[in-house]
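Novice: pasting the structure only:
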């Protein structure tokens, strides 16, 4: 893919990364670590243990999701610099423009992604 054709994907990925980092910073008030924020949420002695555990689990799930999103964006940016952006990691075919516009961090074409999800849903 030429630099000109890559530009919209690069801009989208950079904006996605900036938005995610901004959201993470806002959630942490720009100062506290995720653990400190989580602790503040759970410092409710009047709450029952089940509620505290549920809130903790939600906080950790959000953190894992954000980390996975950031990693997928960073990997897509790396694929751009390596000159392999848009190629399916499974079959090597070029992903469709529509797929990359909808999910610029996608690593697999639709057919391979469907196969991957089907195989992993059974586990």
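Specialist: Received it, and whenever you're ready, just let me know what you need. Fair warning: this is a prediction, and the values are worked out from it, not measured in the lab.
Novice: pull the helix or strand with minimum mean pLDDT from this protein.
Specialist: helix 34-42 (a mean of 58; mean pLDDT, DSSP states H and E).
Novice: contacting residues around the residue nearest the centre of the chain?
Specialist: The C-alpha lying nearest the average C-alpha coordinate of the chain belongs to residue 69 (C-alpha atoms, centre = their mean; 1.0 Å). Applying C-beta atoms under 8 Å, 6 or more residues apart in numbering, we find residue 69 in contact with 16, 20. All C-beta atoms are positioned from the backbone trio N, CA, C, and that covers glycine.
Novice: helix or strand: which one has it?
Specialist: Using DSSP states H and E, residue 69 sits in helix 49-82.
Novice: buried residues in that helix?
Specialist: By neighbour count on 16 or more other C-beta atoms under 10 Å, the buried set for helix 49-82 is 59, 63, 66, 69, 70, 72, 73, 76, 77, 79, 80.
Novice: hmm, residue 19 and the fifth one touching each other?
Specialist: No. In this structure residue 70 lies outside contact range of residue 19 using C-beta atoms under 8 Å: 10.8 Å.
Novice: coming back round to it: could I get the buried residues of helix 49-82 as a markdown table with distance to residue 114 and pLDDT?
Specialist: Shown next, in a markdown table, are the buried residues of helix 49-82 (distance: C-beta to C-beta, whole Å; pLDDT from 0 to 100):
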| residue | distance to residue 114 | pLDDT |
| --- | --- | --- |
| 59 | 32 | 73 |
| 63 | 28 | 80 |
| 66 | 26 | 89 |
| 69 | 21 | 94 |
| 70 | 25 | 94 |
| 72 | 18 | 95 |
| 73 | 22 | 96 |
| 76 | 20 | 96 |
| 77 | 25 | 96 |
| 79 | 21 | 96 |
| 80 | 25 | 95 |
